[in-house]
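Student: give me the fold of what follows.
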Amino acid sequence: MDKSHKFKNTLERYIHYRGIDIVLHLKDGQVIELDKNRQMEDDVVIGNLAQGVVRIPLQDIQKADFYAA
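Tutor: Numbering: from 1, shown residues only. Now for the predicted structure:
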């Protein structure tokens with residue numbers, strides 16, 4: 001299993017756990033903290049932020065941090 005496939009599987013699993021906080025670090029330097037109302041469709045992470053709904057393609061994510069809430 002390659003790294004990108006393993007990352008996608010791990011991220012998708014944790015997106016469904018509501019007790020986990022997720023912080024995404026994007027390749028352009030942005031840091032996005034996802035709220036509890038998040039989901040994943042195909043290769044896109046969807047989150048609701050104060051600015052509105054954000055759609056983040058997996059290829060734009062450099063790393064993700066997971067924290068127990």
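Student: hey, what's residue 21 bridged with?
Tutor: Beta bridges link residue 21 to residue 67, judged by DSSP bridges.
Student: tell me the contacts of it?
Tutor: Counting by Cβ atoms under 8 Å, 6 or more residues apart in numbering, residue 21 makes contact with 33-34, 66-69. Every C-beta, even on glycine, is put in place using the N, C-alpha and C of the backbone.
Student: ok so residue 5 is a strand residue?
Tutor: No: counting by DSSP: H, G, I helix; E, B strand; the rest coil, residue 5 is located in no strand; its state is helix.
Student: count of neighbours near it?
Tutor: When neighbours are defined as other Cβ atoms under 10 Å, residue 5 has 9 of them.
Student: what distance do you get for it to residue 52?
Tutor: Using Cβ to Cβ, to the nearest Å, residue 5 is found at 30 Å from residue 52.
Student: ok, residue 11 touching residue 40?
Tutor: Yes: at 7.1 Å, residue 11 and residue 40 qualify as touching, with contact defined as Cβ atoms under 8 Å.
Student: how about the helix or strand that contains residue 33: buried residues?
Tutor: Assigned by DSSP states H and E, residue 33 belongs to strand 31-34. When burial is assessed from 16 or more other Cβ atoms under 10 Å, strand 31-34 yields the following buried residues: 32, 34.
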